[in-house]
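In: Let's see this in three dimensions:
(one chain, ligands or ions: 1)
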Amino acid sequence: KIKLKHGSHREGKRTDAIMQKWRGNGLGQFIHWGLYAIPGGEWNGKQYNGAAEWIRSWNEMPKPAYDSLIYKFNPVNFNADQWAAIAKDMGARYVTITTKHHDGFCLWPSKYTSYTVANSPWKKDIMKPLVDAYDKAGIDVILYFSIMDWNHPGWRYDIKTRADSIAFEGFKKFTRNQLIELLTMYPKAKGLWFDGTWDKSWIKQAKFADELEAEMRKLRPGLIIGSRFRADEYGKRHFDSNNVLMGDYEQGWERKLPNTIADVHGNDWDCVMTIPENQWGYNKAWKGHIKTSTELIEMTAKAVSLGGNFVLNFGPKGDGSIRDQEKRLALEIGDWMKVNNEAIYNCGYSGLEKQDWGYSTKKTRIDKIYMVVFNIPVSGAYRVKLPAKTAIAKSYLLADQNQVLKVEEVHTNEYFVYANPASQSKPFVIVLETKKKE
Ligand SMILES: C#C[C@@H]1N[C@@H](C)[C@@H](O)[C@H]1O
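Out: Modelled structure (predicted):
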């Protein structure tokens, strides 16, 4: 083992109640909102091909023109309770909200920069009403924070000169001040979701970042911080030089999902996902493959079946409203979750062999297995292999628990469960109540 001062400080999953609640959330909502929502992926009538929240980096976008968007930020249709209601109806149990994206615009009235809502026509704090609305809806809040900050004069992609070093020292102090400010102003926040930490300048700050993480955890005991925040002293990110996870959960699953349990290395993790191929901030064009609610429900079930959480992104418009397509998807997912959330909340990896019909999840600490079906076999027989000494006490449809299903042991510890779901067009859940084999 390599001797590390700034590597991971904990091996294995956290066992405290705050992390256990996070682990059982299953489904979350991501909100990407800021000045980038105003151009919405377009400038001077031209479409930006990249992700809308990166439009400032586009050569066709004059930086002063982008930075002046602060004087256009006046989201008259912003309604925090409506956003929280959409998340609640979808069945999300936590939300990750951008406080500051890479452009450096702060959705809270930070004391440490003038590039905030306080100096926009809107003037008012956006974060407080959002934190309060989601908290009132019973949805835990995680604050997204980008370390990379294109607006701050001290930001550097790398530190090459003494001048860079002096500038970056100022940037580090600014970053610490903003993070302590956020945790102090919004004490209800359960965690921080860091982004923009891939550049050499930040990777070289192992000691500073390690001490800052310790300071934040001391200020907010139980704070949840992912693996993307800091690198160890050898520049290793997400996993330190001894291959131990940095932070409390793996933050590597961005717009992708693991395929097997081996891919997640026994850690907690979340997958953050866009509805279009790659748009986090609002893009006027709703183009390319737009995921259907069934696809998104399948991704949620797959994530939970592999011990993770699925966090679906919404990109509100510049005026603060949420686009109809996103509202419709949230309702469709919510309709399914209202009937089937028992297979998602407080569930995890079942340990069972993957079968063609879909994904299995297991209720934490309870002998209940959920077979979340996406592919209906023409035989009507759903194969499931159980560990030795485990038998099926009872099986039924989660949507209609009076419909007890016929179970046949076709080989030792291998069963067929026979089910004919009412609807063939929607995913459904078969419940297995298991017991010790006599
Ligand atoms: C790249 C990148 C960023 N990471 C995602 C979570 C979005 O914030 C995107 O802009």
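In: Quick one: residues in contact with the longest helix anywhere in the chain.
Out: The single longest helix within the chain, with elements called by DSSP state H, is helix 162-185. Residues outside helix 162-185 that contact it (C-beta atoms under 8 Å, 6 or more residues apart in numbering): 99-100, 106, 108, 110-113, 127-128, 143, 145, 147, 149, 152-156, 158-159, 189, 192, 201, 205, 208, 212, 215-216, 219-220, 223. For glycine as for every other residue, the C-beta is placed from the backbone atoms N, C-alpha and C.
In: again with stretch 410-418
Out: 371, 380-388, 390, 392, 395, 405-409, 430, 432.
In: Contact partners for G252?
Out: Applying C-beta under 8 Å, 6+ apart to G252 gives the contacts S227, R228, H238, W269.
In: My guess is the first one contacts H238. True?
Out: Yep, that's S227 we're talking about. Yes. Using C-beta atoms under 8 Å, S227 is in contact with H238, at 4.3 Å.
In: more neighbours, these two?
Out: When S227 and H238 are compared for neighbours, S227 comes out ahead with 22 against 18, by other C-beta atoms under 10 Å.
In: and that one, how far is that from K218?
Out: Look at S227 and K218: by C-beta to C-beta, to the nearest Å, they are 20 Å apart.
In: same thing with D125?
Out: Distance of D125 to K218, given as C-beta to C-beta: 25 Å.
In: Which one of these two is surrounded by more residues?
Out: Between D125 and K218, D125 has the larger neighbour count (other C-beta under 10 Å), namely 19 against 9.
In: ok, and the closest non-adjacent residue to whichever residue of the stretch 201-350 of the chain sits closest to the ligand?
Out: Residue nearest to the ligand within the stretch 201-350 of the chain (C-beta to the nearest ligand atom): W280, separated by 4.2 Å. Of all residues not flanking W280 in the chain, H32 sits nearest, at 4.0 Å (C-beta to C-beta, 6 or more residues apart in numbering).
In: and the next element down the chain from the helix or strand hosting I333?
Out: Using DSSP states H and E, I333 maps to helix 324-340. Scanning forward in sequence from helix 324-340 by DSSP H and E, the next helix or strand is strand 347-349.
In: What are the contacting residues of the worst-scoring helix or strand of the chain on mean pLDDT?
Out: Least confident helix or strand, the chain: strand 400-404 with a mean of 93, by mean pLDDT, DSSP states H and E. Residues from elsewhere that reach strand 400-404 (C-beta under 8 Å, 6+ apart): K394, S395, Y396, L397, A422, V431.
In: Same check on stretch 132-143?
Out: Contact partners of stretch 132-143, identified using C-beta under 8 Å, 6+ apart, comprise 21-22, 25, 28-29, 80-81, 83-85, 87-88, 92-97, 99, 127, 130-131, 182, 186, 188-193, 224.
In: returning to that earlier point: quickly list what's touching both of S227 and H238.
Out: L245, M246, E250, Q251, G252.
In: ok, which pair from those residues is furthest apart?
Out: The largest separation in those, counting by C-beta to C-beta, is between M246 and G252 at 10.8 Å.
In: and for these two, which residues touch both?
Out: Counting by C-beta under 8 Å, 6+ apart, the common neighbours of M246 and G252 are S227, H238.
In: Where does Y66 sit: helix, strand or coil?
Out: Recorded secondary structure, Y66: helix (DSSP: H, G, I helix; E, B strand; the rest coil).
In: can you tell me which residues contact it?
Out: Counting by C-beta under 8 Å, 6+ apart, Y66 makes contact with L35, P39, I55, R56, D103.
In: what's the most distant pair in these?
Out: Taking C-beta to C-beta, the two most distant members of the contacts of Y66 are P39 and D103; they sit 11.3 Å apart.
In: any chance you could map the helices in the stretch 51-200 of the chain?
Out: If DSSP state H, counting those that start in this stretch is used as the criterion, the helices of the stretch 51-200 of the chain fall at 63-67, 80-90, 127-136, 162-185, 200-203.
In: could I get the ones you listed as JSON lines with distance to H6?
Out: Listed next are the helices of the stretch 51-200 of the chain as JSON lines, based on distance: least, C-beta to C-beta, whole Å:
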{"stretch": "helix 63-67", "distance to H6": "34"}
{"stretch": "helix 80-90", "distance to H6": "36"}
{"stretch": "helix 127-136", "distance to H6": "30"}
{"stretch": "helix 162-185", "distance to H6": "15"}
{"stretch": "helix 200-203", "distance to H6": "11"}
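In: Turn those into TSV, including distance to M299 and mean pLDDT.
Out: Shown next, in TSV, are the helices of the stretch 51-200 of the chain (distance: least, C-beta to C-beta, whole Å; pLDDT from 0 to 100):
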stretch	distance to M299	mean pLDDT
helix 63-67	33	98
helix 80-90	14	98
helix 127-136	22	98
helix 162-185	30	98
helix 200-203	30	98
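In: Dump the ones you listed into CSV; add distance to the ligand as well.
Out: Listed next are the helices of the stretch 51-200 of the chain as CSV, based on distance: least, C-beta to the nearest ligand atom, whole Å:
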stretch, distance to the ligand
helix 63-67, 15
helix 80-90, 17
helix 127-136, 17
helix 162-185, 17
helix 200-203, 14
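In: May I ask which helix or strand encompasses the residue nearest to M299 when sequence neighbours are not counted?
Out: Excluding the flanking residues, the one nearest M299 by C-beta to C-beta, 6+ apart is F310, at 5.7 Å. If you go by DSSP H and E, F310 is part of strand 309-314.
In: That strand: how far from the chain's middle?
Out: Distance of strand 309-314 from the chain centroid (C-alpha atoms, centre = their mean, to the nearest Å) equals 5 Å.
In: Around the ligand, which positions in the stretch 101-250 of the chain sit nearby?
Out: By C-beta under 6 Å from any ligand atom, the residues of the stretch 101-250 of the chain that approach the ligand are D195.
In: how many neighbours does whatever residue of the stretch 101-250 of the chain ends up closest to the ligand have?
Out: For the stretch 101-250 of the chain and the ligand, the shortest gap (C-beta to the nearest ligand atom) falls at D195, measuring 4.9 Å. When neighbours are defined as other C-beta under 10 Å, D195 has 21 of them.
In: Contact partners for it?
Out: Per C-beta under 8 Å, 6+ apart, neighbours of D195: H101, H102, Y144, F145, S146, I147, M148, R228.
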